[in-house]
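Peer 1: with the input below, show me the fold.
(4 chains)
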There are 2 protein chains.
Amino acid sequence: MSLDTAQVSAELSARGLRLTRQRRAVLDAIAAAPCSLSPLQVYDAAREQCPELGLTTVYRTLEVLDEIGVLRRVHGHGHCESFVPAATAHGHTVVCDACGRVTEFTACDMDAVAEAAARETGYRITDHFLQLSGICSRCAHSAGERSAG
Amino acid sequence: MSLDTAQVSAELSARGLRLTRQRRAVLDAIAAAPCSLSPLQVYDAAREQCPELGLTTVYRTLEVLDEIGVLRRVHGHGHCESFVPAATAHGHTVVCDACGRVTEFTACDMDAVAEAAARETGYRITDHFLQLSGICSRCAHSAGERSAG
DNA sequence: GCCCTTATTGCAATCGGTTTTCACTTTCAG
DNA sequence: CTGAAAGTGAAAACCGATTGCAATAAGGGC
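Peer 2: Numbering: from 1, shown residues only, chains lettered A, B, ... in the order given. Sure, this is the predicted structure:
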């Protein structure tokens, strides 16, 4: 997914931070994953590229990368916190219940929902957290093949 | 909020479960709270009414009450899991960023959003988690008074 | 009321993820 | 090279959640 190393490096150094080998490994692990990863999963995956990586560093790195907007936190698959690459624009995520794959979508017409909710509750709505779940096309296909064959 | 003891008792006994002093304390604590409570907060609150209540029991009780639909889990205020009384129907929650108050709303036209997401991603959408956040009218008022006065 | 069965409870131990501490290493500017 | 600051890993601390287990309490039958 869209993880431009040069851009990340620029984002970091703009804040006096550095793109280290460990941070690169974390980034690569998340970019390569087909689904969201928990901190522990990031740790496991990134250690294949950087075996001396410590779990502490993973947590710190995830926090940094989330802060600068390179990663996005999602509530995924039983884990309260998992991480995916932040996509281009403001988007939401769909999680596949079968394989855990995370896909972003942008067709988010939440304005109508937010407005209706505001009318009903009297709140001034400032933010929303929306996450859909379902079955991705790949899993739907393989399930179809299995039940058909 | 709508926590009818008699009805809860019926729900429980229909499943061979019992409405104990401890469970009543948990229910009362959540019903009395103006916002969602984490398990630990429930523990603290309920112990005022039932000092010998154990934290273990709180966890087990929350699970039971969630299962029978008396409580609802929400993602609230930094806590991954908090609990509020379940309102009448299928609804979503708005959380006030200022005071933590949780209000349910039913105006949920997610079908359109889900359909758009399905078109865009190819997923078959089966479920959604939506939570809005903002400022409740009470907090909006007090903030307005403060800045105006 | 009493007895019996079974749900329920509290304590203490444990677990697992997260955070902190701290001494050491790396990076970068001068 | 040198110094300052960012970054790191291992171990310990932390903390919420879970589990095992013996004691307790609730509710039905009598």
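Peer 1: residues in chain A within reach of DNA strand C, list them.
Peer 2: Neighbours of DNA strand C within chain A, by C-beta under 7 Å from any atom of the strand: A:18, A:20-21, A:38-40, A:55-56, A:59-60, A:63, A:80-81. (Glycine included, C-beta is placed from N, CA and C.)
Peer 1: and if we set it to 10 Å?
Peer 2: Counting by C-beta under 10 Å from any atom of the strand, chain A comes close to DNA strand C at A:9, A:12-13, A:16, A:18-21, A:38-43, A:52, A:54-60, A:62-63, A:79-82.
Peer 1: partner strands of the longest strand seen in chain A and their direction?
Peer 2: If you go by DSSP state E, chain A has its longest strand at strand A:124-135. According to DSSP bridges, strand A:124-135 forms sheet pairs with strand A:92-96 (parallel), strand B:124-135 (antiparallel).
Peer 1: please identify the most buried of those strands.
Peer 2: Of all the strands paired with strand A:124-135, strand A:92-96 has the most neighbours on average by mean count of other C-beta atoms under 10 Å in any protein chain shown, namely a mean of 24.
Peer 1: using CSV, write out every CA atom in the helix or strand that it is followed by.
Peer 2: Using DSSP states H and E, the helix or strand that follows strand A:92-96 in sequence is strand A:102-105. This file holds the C-alpha atoms of strand A:102-105, laid out as CSV (Å, rounded to 0.1, in the frame of the first residue of the first chain):
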residue,chain,number,x,y,z
VAL,A,102,-8.7,-4.6,5.5
THR,A,103,-9.8,-2.5,2.6
GLU,A,104,-10.5,1.2,2.6
PHE,A,105,-13.4,2.9,0.9
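Peer 1: now for the next helix or strand after strand A:102-105, which elements pack on it?
Peer 2: Following strand A:102-105 in sequence order, the next helix or strand is helix A:110-121 (DSSP H and E). Using 3 or more C-beta pairs under 8 Å, 6 or more residues apart in numbering or on different chains; DSSP states H and E as the contact test, the elements touching helix A:110-121 are strand A:124-135, strand B:92-96, strand B:102-105, helix B:110-121, strand B:124-135.
Peer 1: list the buried residues in helix A:110-121.
Peer 2: Buried positions in helix A:110-121, judged by neighbour count with 16 or more other C-beta atoms under 10 Å in any protein chain shown: A:Met110, A:Val113, A:Ala114, A:Ala116, A:Ala117, A:Ala118, A:Glu120, A:Thr121.
Peer 1: same question for stretch A:10-18.
Peer 2: For stretch A:10-18, using 16+ other C-beta under 10 Å, the buried residues are A:Glu11, A:Leu12.
Peer 1: residues in contact with it?
Peer 2: Stretch A:10-18 has contacts (C-beta atoms under 8 Å, 6 or more residues apart in numbering or on different chains) with A:Leu19, A:Arg23, A:Val64, A:Ile68, A:Gly69, A:Val70.
Peer 1: one more time with 6 Å
Peer 2: With C-beta atoms under 6 Å, 6 or more residues apart in numbering or on different chains as the contact definition, stretch A:10-18 has outside contacts at A:Leu19, A:Ile68.
Peer 1: so does it get close to DNA strand D?
Peer 2: Yes - applying C-beta under 10 Å from any atom of the strand, one finds stretch A:10-18 touching DNA strand D at A:Leu12, A:Ser13, A:Arg15, A:Gly16, A:Leu17, A:Arg18.
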